[in-house]
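Student: 3D model of this:
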Amino acid sequence: MIKILQFNTFFSIKSRVKPLGFFVFFLHCFSSYAQKNIVISGKIVTEKDSPVEAVTAYLIHSKDSSVVSYTVSDKNGFFKLETKAQSQNSILKIAAEGYQGFSETMENLIQNIDLGVIRLIKYDIELNEVIIKNEAPIRIKKDTIEFNASSFKLRPDANVEALLKELPGVTIDIDKKITVNGKKVNQVLVNGKPFFDTDGKMALQNLPAELIKKVQVSDTKTKEQEFTKQASTSDNVSINLTIDKKKNKGFFGKLLGGYGSSERYESSAFLSYFKDKRRVSFLASSNNINASGFSMNEVFDNMGGGRNDGSGGAFGSRGGITKSNMIGISYADEWFKGESTDLNYYFNNSNTDNTNRTSELTLLPTGSLLSKSASKSDQDFNKHNVNLNFEYKVSPSIKVSFSPAIETGKTASANIFDRKTWDENNQLINSSNSFNTSESNNTNFRNNLRFFLNAKKEGRYFTASFENENSRNDLNSRVNSLTVFTQGTSPDDLRNQNVFQKNNRDKYTGTLQYFEPVTDSLRLNFSVITDYEKAIDDKKTFDRNGQNVEYDVFNESLSNFNSFNSFGVNPKVGFSTSIKKLDLSASTGTSVIRTENHAFYLKETTDLNKNYFIPNGSISANYRISQSQSILMMYERKFTVPKGNQVLAVANLDNPLVVRTGNPNLKASTFHFLQAGFSSYNFQSGSGYFVHFSTNYFDSQIVGASAYNSSGKQISTFDNVEDTYDMLLAGEWNKTIKKDVNTFGLRFSMYGNYSFNKGFTNDQLYEAKAFRLNPGFGFTYEHGELLSIKPSYNFAYNDIRYNNASLSSTSNTTHNFNVEMTSFWPKNWVFGNDFGYTYNSNISGPYKKDFYLWNTSLAYKFVKQFTFKIKVYDLLNQNQSTSRTISPTSVIDSESNVLKRYLMFSLLYKFKNFERNQN
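Tutor: Okay, here's the model as predicted:
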C-alpha cells in the first residue's frame with residue numbers, strides 16, 4: 001500500500017519527465033522501499049539488574065554525528081530501534097538521566113542485532129546539567145520531556161511550528177492550539193519568558209526553528225508551585241523553547257505586502273533582535289481580510305482569517321468583515337544577577353462591518369414565539385495594552401515578583417436593527433426597529449505582587465500575594481427606537497434618548513500561605529484568602545426635548561444607580577504528599593462572605609445585605625504509572641454568590657421587549673466539579689492516546705425565569721433549581737509511522753457531552769436533556785520535503801429532549817470535511833490548497849445548508865530571501881457564515897456577511913543574521 005502511494009504521488013508531479021528519466025526515477029523509488037530495514041534491540045538495566053524505563057537509544061552517523069534513528073525503552077527496559085540497512089559505520093548511543101552514557105560503534109548494519117543486557121552505571125554524585133552534555137533526541141526526567149531540536153530534520157526555512165509538528169506526541173490544530181500526549185498546552189515560553197504572549201502563536205509562526213536548541217515540555221505549574229516545589233495540579237502542559245547559545249546573538253525578521261481584487265490588502269512586519277539574555281522584538285500588521293492580531297501562515301500568509309473552522313456548531317467563516325491594524329513591541333532582559341524582566345506593548349485598531357439575519361424559536365409550555373430579525377452594525381475599536389513581568393531573587397531563600405498591566409480602549413459603534421415576532425397561530429404580536437450609536441472609553445489596571453520565602457528548614461515555605469483589578473467604563477449612547485405591540489395590552493414604546501452610563505469595578509485579593517514539612521514526603525499547608533470587591537453602575541437617561549434638539553428631559557424610569565460591595569475571608573488547611581509515583585494534595589475551608597446590594601430607582605432606595613457561610617475544598621491526585629503513562633484526578637467544591645441586579649427587586653427597562661428584576665430570595669450557586677484523565681504515549685510505536693472525563697453537579701444553580709405576556713413581552717427574573725449537571729467524556733488516539741522519507745499520521749477523536757438543565761418559563765418548571773456527540777478523524781502524509789497532504793473529517797450530532805415545552809425534541813447534525821495539500825516541488829516553488837466542505841442538516845428557512853470553501857496559493861522563492869505569491873481566497877465564491885444554536889429554551893438560526901472570493905498578489909522578504917558564539 002505504501003509503495004503504491006509513493007508511486008502515485010511522484011507519478012503526478014513528474015508526468016512531464018522524459019521516459020528514460022522517469023524509468024530511472026521509478027527504479028530509485030522502488031529500490032528505496034526494497035532496501036532492507038534492520039532492528040537493533042536490547043534490554044537496559046541498572047547495576048542491580050533493575051530495568052530502566054524512558055532511556056533514549058539513538059543511532060548517529062560516525063562522520064557528522066547526525067541522528068539516523070532513535071527510540072525509548074519501555075517500562076521493562078526493552079528497546080527496539082529500527083533503521084535502514086547500511087554498510088557505513090554508525091554509533092549507537094544510550095543516554096539516561098543520572099547514568100553514565102553508553103556508546104558502541106556499529107559496523108555493516110545489514111542484519112538484526114540483539115545487544116542483550118546493557119548495564120548502565122550511575123553517577124556517584126549529582127552533576128550539574130550544564131556539565132553533562134546530552135545530545136540525545138529525547139530525554140525524559142520526572143515531569144519533563146526534553147527534545148533536542150537538531151535531531152529532527154526540517155526544511156531550511158522552517159519555523160517553530162514545523163519543529164513542534166515533528167515531535168512525537170505533539171499535535172497542532174487549525175487554530176494553532178497545541179496538545180502534547182492529549183494534554184492542552186496553555187503557555188509557550190522562550191528561554192522561560194513569554195514571547196509577546198503566552199499562547200505561543202507568535203513564537204510558533206515567526207521564530208526560525210534553527211534558532212532553537214531544546215524543546216522542554218512539562219506540567220504547568222503556578223508560581224507558588226514552582227517556588228515551593230509542589231507537584232502540578234493542572235491538566236495542562238507548558239512548552240519552553242531554549243535558544244541555542246551559539247546563535248543567541250543576532251537578528252531576524254520578515255516583511256510582507258500584498259494587494260488584490262475587491263481592494264483587499266495585507267501587510268505585516270516582524271523584527272527580533274537577540275543578544276544573550278536580551279531580546280527585543282517588533283511587529284506590525286494591517287489588513288482588511290479578517291486577520292486579527294499578527295498571524296502569518298507559511299503557505300497562506302494572513303488568509304487564515306477566513307478558513308473553515310469545522311466547529312460543528314457555527315460553520316463556515318466567522319461573521320463580518322474586519323479591517324485591522326496592530327503594532328507591538330516586546331522586550332526581555334536580565335539587568336542584574338537574579339533579576340528577570342519582560343515588557344510588552346500592543347496597539348490594536350479595527351473596524352468591523354457586520355450584516356446579520358436571525359430566526360429564533362422561543363419554546364413555551366404551550367405554544368411558541370417566532371422572531372425574525374435583521375441588523376447591520378459598524379464598529380471602530382482602539383486599544384493600548386502594556387504589561388510588565390518582573391522577578392528578582394533577592395537571595396537563595398527570598399524571591400519577589402510583580403506583574404502590572406494596563407489597558408485603555410475606545411469603542412464607537414452604530415447599529416440598525418429590525419425585528420418582528422409572531423405567535424404559534426402566525427399572528428404578528430410585536431415589531432421593533434432602532435438606530436443606536438454609542439461611544440465608550442475603557443480603562444483596566446491589573447497587578448499581582450508576590451513574595452516567596454524559603455526557610456532554613458527543608459520544605460518550609462511562606463508565600464504572600466496581593467492582586468488588584470480596577471476597571472472604568474464610560475458609555476455615551478444615542479437611542480432611537482420604536483416598539484409596536486399589535487396584540488395584548490402593552491403600550492407602544494417610542495424612544496429618542498441620550499444615555500450616560502458609568503461602570504466602575506474594584507477588586508482586591510490577598511493570599512497568605514505557609515507550608516510546614518512533617519516528613520520528607522508529607523507537608524501541611526495553611527492559607528487564608530481575603531477578597532474585597534466594589535462595583536458601581538450609574539446610568540442617567542435624557543429624552544429629547546420636543547421643542548429643540550437638546551436632550552435635557554431627565555427620564556427617571558430609565559435611570560438608575562446600583563452598587564455592590566462584597567468582603568470575604570476563606571481560611572484553609574491542607575496537606576500534600578509525594579510517595580514514589582503518587583502526588584496527592586487536599587485542602588478544606590469555609591468561605592465567610594458578606595454582600596451589600598444597593599439601588600436608587602424612581603426616588604426610592606433599596607438595600608439588601610446577605611451573609612454566606614459556604615464550605616469548600618479540593619483534592620488532587622496524579623499517579624505516574626510509568627514515564628509515559630499517568631492518571632490525573634481532581635475534585636473541587638465551588639460556589640458563586642448572587643450580586644446586584646440578581647437579588648434586588650428593582651425593574652430594569654433598558655430593552656423595550658424585556659423587563660428584568662432581581663429575586664431577593666435567591667441563594668448562592670453551589671456545585672461539585674470532578675475531572676479524571678488517563679494519558680499514555682508509546683515512543684517505540686509512535687502512538688498515544690488519552691481519555692478525559694469531567695462533570696459539574698449543582699446542589700443549587702442560579703437560572704433564568706421568564707414569563708411572556710400576550711404582547712410577547714418578556715418578564716425576566718432569577719431563581720434556583722437543584723440537581724442539575726453536565727458531563728464530558730473525551731478521548732483521542734494518534735499514531736505516527738515513519739518509513740524512509742515517508743511519514744504517516746493518524747488521529748481519531750471522540751467527544752461526548754450530556755447535560756440535564758432546568759428553568760422556569762411562564763411560571764412552570766421545564767427540563768431539557770442535551771446530548772452532543774463529536775467524533776473526528778485526521779490523516780497526514782508527508783513525503784520528505786516535497787509533499788504534505790492532510791485530510792480531516794468532523795461530525796457533530798446535537799440532540800435535546802424537552803419536558804414541559806411545546807417541542808418534545810430537536811436535533812441537528814453537521815459534517816465538515818477538509819483537506820490541506822502542499823507541494824514543495826519543483827525546487828523553490830510552493831503550491832498550497834485548502835479545500836473544505838460543510839453541511840448542516842436542519843438549518844431552516846432561507847439559510848443554505850452546505851457550501852464549499854477552497855483557498856489556493858502558488859509561491860515562488862527567489863534570491864533565497866524573497867517569495868512571490870499568488871493567492872485566491874474562496875475560489876468557488878461559496879463562502880458563508882451560518883449557524884444553528886440549540887438551547888434548553890430556544891432554537892436559533894443565524895447568518896452573517898463574510899469575505900467572498902478575492903485574488904491577491906504578495907511579496908515576502910525574510911532576513912536573518914546570527915553571530916555564532918564559540919562558547
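Student: which residue is nearest the middle of this structure?
Tutor: By C-alpha atoms, centre = their mean, the chain has its centre lying nearest to K177, at 5.4 Å.
Student: which phi and psi does that residue have?
Tutor: phi -80, psi 130 (degrees, to the nearest 10).
Student: which residues does it contact?
Tutor: K184, V185 (C-beta atoms under 8 Å, 6 or more residues apart in numbering). Backbone N, C-alpha and C define where each C-beta goes, glycine included.
Student: now do S262
Tutor: S262 touches K900, Y902, counting by C-beta under 8 Å, 6+ apart.
Student: and S397, how many residues sit next to it?
Tutor: 12 (other C-beta atoms under 10 Å).
Student: Distance of it relative to F466?
Tutor: Going from S397 to F466 by C-beta to C-beta, to the nearest Å gives 21 Å.
Student: swap in G546?
Tutor: Taken as C-beta to C-beta, the span from G546 to F466 is 54 Å.
Student: E210 now?
Tutor: On the measure of C-beta to C-beta, E210 and F466 end up 43 Å apart.
Student: picking that back up, which one of G546 and F466 is surrounded by more residues?
Tutor: F466 (16 against 7).
Student: Is the more buried one part of a helix or strand, or is it coil?
Tutor: When classified by DSSP: H, G, I helix; E, B strand; the rest coil, F466 comes out as strand.
Student: Enumerate every residue touching it.
Tutor: N448, L449, Y508, T509, G510, T511.
Student: Drop anything exposed from the residues you listed.
Tutor: Taking 16 or more other C-beta atoms under 10 Å as the criterion, what is buried in the contacts of F466 is N448, T509, G510, T511.
Student: What's opposite the nearest residue to the second one once chain neighbours are set aside in the beta bridge?
Tutor: Take T509 and drop its neighbours on the chain: the residue closest to it by C-beta to C-beta, 6 or more residues apart in numbering is E467, 4.5 Å away. In this structure, E467 bridges to N448, T509 when assessed by DSSP bridges.
Student: same thing with R357?
Tutor: Assigned bridge partners for R357, using DSSP bridges, are A374, E895.
Student: Distance check, it against N879.
Tutor: Relative to N879, and taking C-beta to C-beta, R357 is found at 17 Å.
Student: Can you lay out the contacts of F466 as TSV showing pLDDT?
Tutor: Formatted as TSV, the contacts of F466 follow (pLDDT from 0 to 100):
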residue	pLDDT
N448	97
L449	97
Y508	98
T509	98
G510	98
T511	97
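Student: From those residues, pick the one nearest N855.
Tutor: N448 (41.8 Å; C-beta to C-beta).
Student: hey, where'd the strands end up in the stretch 801-919 of the chain?
Tutor: With strands called from DSSP state E, counting those that start in this stretch, the stretch 801-919 of the chain shows them at 809-823, 829-840, 850-862, 866-873, 881-886, 890-896, 902-914.
Student: so where does D537 fall, helix or strand?
Tutor: Assessed by DSSP states H and E, D537 sits inside strand 522-544.
Student: for that strand, packing partners?
Tutor: Here strand 522-544 touches strand 493-517, strand 551-554, strand 560-579, strand 582-601, going by 3 or more C-beta pairs under 8 Å, 6 or more residues apart in numbering; DSSP states H and E.
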